[in-house]
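Novice: Structure for this input, please:
(one chain, ligands or ions: 1)
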Amino acid sequence: MRAAIFQFSPVFGDAATNVARIEHAVRSAEAELWVLPELATTGYLFSDRAECGSLAEPVSGPSLHALADLCRERRTRLVVGFAERDGDMLFNSSAYVGPDGLVAVYRKVHLFDRELLTFDPGPDPFRVAALGPHHLGMMICFDWVFPEAARSLALLGADVIAHPSNLVLPYCQDAMVTRALENGVFCLTANRVGVERRAGVELAFTGCSRIVDPRGRVLAQAPAADDATLLADLDLDLARDKSLTPRNDRLGDRRPECYVGRRPGNARPGGPM
Ligand code: ACM
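Specialist: Numbers count the residues shown, from 1 in each chain. So this is what the prediction gives:
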């Protein structure tokens, strides 16, 4: 399967322009799956929750409608980050859209920094959706810090993790090599570039979008500061082989009975072993 990432710098608050840029990119190359950055239709740095609410759209809104039309026209699929309004709730979401319309929506579980002032945390467990005979899972940007996110998607059978991002810290791109390797999945981190200066805050986004294979090999990488389209041919069956040695299986060898799911309430470092 040919996959693509479009890395760009969305114009804050101008969904029509941002959707037009995505349409142009998707019409400029052939791919069966596109991954776009987090909040690709609105930009990132909302001054407050009211502003976020005024720019957020429901899943039935004009941006996803236009992108669904694009997928139908191009017979392709895309994963795109957008600000979602659902009644009084605001989510930092990503939509998986295919030629027949909306397939799935993921609402970001782990909100980063100022996102906590403008969005509600996604309430739903991680899920996967069909990608032909394979499976696609979504996580968004800061979710990378929580290995449980990618691991949950892998345990659910994800072969590909689509990872729309607006990264400002320098760690994620390298960390995704480990997420891909430890789970035996393809990871497509679609980051943005550019700088946003709003509400007395300045954020510079780090680009370097990456496509990583289940052995941790970087198949394609974008530059740090420029718009870019990345393309890679993915043999999705590689994600079905979780072996690392003839005796080791990355998912099968897990020992959940030895793991801790929650931090114990009164754990003391250095306590009895
Ligand atoms: C992030 O989660 N946008 C850093």
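
Novice: so how far is A29 from F142?
Specialist: Using CB to CB, to the nearest Å, one gets 29 Å for the distance from F142 to A29. In this view, the C-beta of every residue, glycine as well, is placed from N, C-alpha and C.

Novice: Which one's more surrounded, these two?
Specialist: F142 (23 against 13; other CB atoms under 10 Å).

Novice: shaky segments in this protein?
Specialist: Across the chain, residues meeting the criterion (pLDDT under 70) sit at 266-273.

Novice: Show me where the stretch 101-250 of the chain has its helices.
Specialist: Applying DSSP state H, counting those that start in this stretch to the stretch 101-250 of the chain gives helices spanning 115-118, 147-155, 172-183.

Novice: Quick one: closest of the ones you listed to G265.
Specialist: G265 lies closest to helix 147-155 among the helices of the stretch 101-250 of the chain, at 19.4 Å (CB to CB).

Novice: what's the angle between the closest one and helix 172-183?
Specialist: 40 degrees (axes from the mean of the first three to the mean of the last three CA atoms, to 10 degrees).

Novice: residues making contact with helix 147-155?
Specialist: Residues outside helix 147-155 that contact it (CB atoms under 8 Å, 6 or more residues apart in numbering): 109-110, 125-126, 128, 137-139, 143-144, 161, 179, 182-185, 187, 251.

Novice: does any bit of it sit next to the ligand?
Specialist: No: figure legend: helix 147-155 not in contact with the ligand (CB under 6 Å from any ligand atom); closest approach 11.7 Å.

Novice: What residues of that helix count as buried?
Specialist: Neighbour-count burial for helix 147-155, counted by 16 or more other CB atoms under 10 Å, picks out 149-155.

Novice: Over to stretch 209-227?
Specialist: Quick answer for stretch 209-227 (16+ other CB under 10 Å): 209-214, 218-222, 225, 227.

Novice: how about a markdown table for those residues, with distance to A4 added?
Specialist: A markdown table is the format used below for these (distance: CB to CB, whole Å):
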| residue | distance to A4 |
| --- | --- |
| S209 | 10 |
| R210 | 13 |
| I211 | 9 |
| V212 | 15 |
| D213 | 15 |
| P214 | 19 |
| V218 | 16 |
| L219 | 12 |
| A220 | 9 |
| Q221 | 13 |
| A222 | 11 |
| A225 | 20 |
| D227 | 13 |
